[in-house]
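[1] What would the 3D arrangement of this be:
(one chain, ligands or ions: 1)
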Amino acid sequence: MDNFINELKKLGYKGESDDSQETLEFYSHDASLFEIVPSVVLFPRDSQDVQTIVKLVADNKASNPELSLTARSAGTDMAGGAVNDSVIVDFNRHFRAIEHVSSAIAQAQPGVFYRDFEKETFKHNALLPTYPASRDLATIGGMVANNSGGEKSLEYGKTKDFVKQLSVVLADGKEYVIKPITKLELDEIITSGSYLGQIYQRIYQLCENNYDVIKAAKPKVSKNSMGYTLWEVWDRETQIFDATKLIVGSEGTLGFVTDITYRLVPHKKHSGLLVLFLKDIDSLGELIPKILEYKPATFESFDDQTLILSIKFMTSFLKMLGVKRFIKLLISLIPDGLQLLRGIPKLILMVEFNDDSEEAVRNKVKTLHRDLKSYKARYEINGFEEDPTEGSSEKFWIMRRQSFQLLRSKIKDKHTAPFIDDLIVRPEYLTKFLPELRSIIKKYKLFATIAGHMGDGNFHIIPLMKLEDKYERDKLQPAMQEVNKLVLSFNGSLSGEHNDGLIRGPWLESQFGKEVLSLFKEVKHIFDPDNIFNPHKKSDADWDYSFSHVRDHF
Ligand SMILES: Cc1cc2nc3c(=O)[nH]c(=O)nc-3n(C[C@H](O)[C@H](O)[C@H](O)COP(=O)(O)OP(=O)(O)OC[C@H]3O[C@@H](n4cnc5c(N)ncnc54)[C@H](O)[C@@H]3O)c2cc1C
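    Purely as a prediction, here's the structure:
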């Protein structure tokens, strides 16, 4: 790699490079269960540096086919999208500028942490509502590459719905602006014969020639992060061509994002929660659509296992929360203690409403409570709790958001194993789906709770396992196969938000079929014919490669 770095410098590269043992070890992991040690990590200072890197790799690829580039921002990817061999390009060190924020849009660089971005948007009473649960750790660039979503996606959609414009360095080592355009503008770009025009022409042809197949490939769920979102690129009715839909969610396999313009929504300041304790889950199929009619901002859930563990390890919350918040939590949990005397509920549903005034939130919470009460017997609800202000609902959010962290810290010899971490099926199937899912988890003796975005039918199941033990490791493949087959038999998607990476890339054919996978391969070939960007991911993934990189030490 020394020659490569020297060449880069000769070409005017201003950033740093690091191939120290410590750095390579750090960059060999993200939040997934994989490990791949890169050769070197680069820290470009600006777009020009990124262009220089890509150009040099493109020029050297023929003589050195192993050379590749994988982008990385905060490294919280759960699927292994941010790890690879060869060269890692870090965007988190220098791409941190927030260039422009108004109440309607914000322009910033991909390495900006979402938490910093939010501080700025809040100054304008505005919000990017697709933030992930990892909001304190992740960057807005990682959100683009994974097409992230979170608790507010139920109301607002995913990151792809908020990207107005991207600057992207493509495989020729030049930066291009990619945004939605009319057919007329598309024709102009194609006629210009530019590099981007040639790519657009081929993508447009691919969309036109396979129009019905592509439209039919869209997974029949409210959120999906698998594959390339081809079905949203070209629309014959609106005559809009939008290549941002391909870049968003592409895990940096088509090019590197260097600048992002996001659309924002007004930040509603008040929120309140109605909590439902379900005796059993038989009524879910009917209950969920009923609740969705009230248009909640979020609709989350956690199961009895989460509740039991949270109560069992209650004192450990002390450490996580600090004394003051912990005492508040204990006091506020007493009504629920009484509630629990009636029997541990199977499932806890949290229905949240947002609005500009506390009164409006209270009204929404009360109305849903009143209306559902009359259905109580039918829905087998054994309790409600109204928490019409943000402060009073904190305890439930702590259980929903922190219980997994808690579990992780308690079970010290086990590690998070995200391999069935993001499945999604339509909510009306949950009554049948969840018991079958539970029985697979039980069969493989996986130490896992079921929590997630109930309104979308999207669940994050992240077992704690000791993967260095052969016995535990051997469970991985068959358990994943059974769960994935179950999800697909319910017409679901294996990923609602976390994307494919090394763990789900090999499942693209099962998810979409041979024909659509071949279209994905063509997309990759059109953008990146020499496979420079993030190999072994998306349509280039294969299970043997992935499985051979599952971590065996921690
Ligand atoms: C506890 C926890 C909870 C999570 N909850 C959610 C959730 O609710 N919803 C959700 O969607 N995800 C979730 N995630 C996964 C992850 O945090 C998000 O997808 C996040 O948006 C990734 O951001 P990052 O900055 O860490 O990206 P990274 O992990 O650094 O990278 C993610 C992907 O983006 C690519 N990439 C990074 N920068 C660029 C760039 N400039 N150009 C092109 N490609 C690039 C990488 O190659 C990689 O494929 C969670 C993760 C954890 C650990």
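[2] who in the stretch 351-500 of the chain is up against the ligand?
    When proximity is defined by Cβ under 6 Å from any ligand atom, the stretch 351-500 of the chain lies next to the ligand at 497, 498. Every C-beta, even on glycine, is put in place using the N, C-alpha and C of the backbone.
[3] Quick one: low-confidence residue ranges for this protein.
    311, 314-343, 377-379, 402-410 (pLDDT under 70).
[4] now residue 224: how far from the ligand?
    12 Å (Cβ to the nearest ligand atom, to the nearest Å).
[5] Now for that residue: which residues touch it?
    By Cβ atoms under 8 Å, 6 or more residues apart in numbering, the contact list for residue 224 reads 218, 424, 493, 495, 496.
[6] Just the residues you listed: which are in helices?
    Of the contacts of residue 224, none are assigned to helices by DSSP state H.
[7] Go through those residues and name the one nearest the ligand.
    Nearest to the ligand among the contacts of residue 224: residue 496, at 8.0 Å, using Cβ to the nearest ligand atom.
[8] just checking, the closest one touches residue 421?
    No: judged on Cβ atoms under 8 Å, residue 496 makes no contact with residue 421 at a distance of 9.9 Å.
[9] for residue 352, helix, strand, or coil?
    In three-state terms, and counting by DSSP: H, G, I helix; E, B strand; the rest coil, residue 352 is strand.
[10] any chance you could map the helices in the stretch 101-250 of the chain?
    Listed in chain order, the helices found in the stretch 101-250 of the chain under DSSP state H, counting those that start in this stretch are 114-122, 140-146, 153-156, 183-192, 195-209, 211-217, 244-247.
[11] Which part of the chain gets nearest to the ligand, residue-wise?
    residue 142 (2.0 Å).
[12] I figured that residue hits residue 79, correct?
    No: counting by Cβ under 8 Å, residue 142 stays clear of residue 79, with 11.6 Å between them.
[13] Who has more neighbours out of the two?
    Per other Cβ atoms under 10 Å, whichever of residue 142 and residue 79 has more neighbours is residue 142, with 33 against 29.
[14] Look up how far residue 162 lies from that one.
    As judged by Cβ to Cβ, to the nearest Å, residue 142 and residue 162 stand 14 Å apart.
[15] For the stretch 101-250 of the chain, which residues are neighbours of the ligand?
    Residues of the stretch 101-250 of the chain lying near the ligand (Cβ under 6 Å from any ligand atom): 110, 132-134, 138-139, 141-143, 145-146, 148-150.
[16] so what's residue 285 up against?
    427, 428, 429, 430, 431.
[17] Help me confirm that it is found in a strand?
    No: counting by three-state DSSP, residue 285 falls outside a strand, being helix.
[18] will you turn the contacts of residue 224 into a markdown table that also has neighbour count and distance to residue 531?
    Formatted as a markdown table, the contacts of residue 224 follow (neighbours: other Cβ atoms under 10 Å; distance: Cβ to Cβ, whole Å):
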| residue | neighbour count | distance to residue 531 |
| --- | --- | --- |
| 218 | 15 | 26 |
| 424 | 26 | 29 |
| 493 | 26 | 25 |
| 495 | 30 | 22 |
| 496 | 30 | 27 |
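[19] I'd like to know which of those is nearest to residue 95.
    Checking those against residue 95 by Cβ to Cβ gives residue 495 as the nearest, at 25.6 Å.
[20] any idea how far residue 512 is from the closest one?
    Distance from residue 495 to residue 512, counting by Cβ to Cβ: 12 Å.
[21] can you check residue 292 too?
    In this view, residue 292 and residue 512 are 27 Å apart by Cβ to Cβ.
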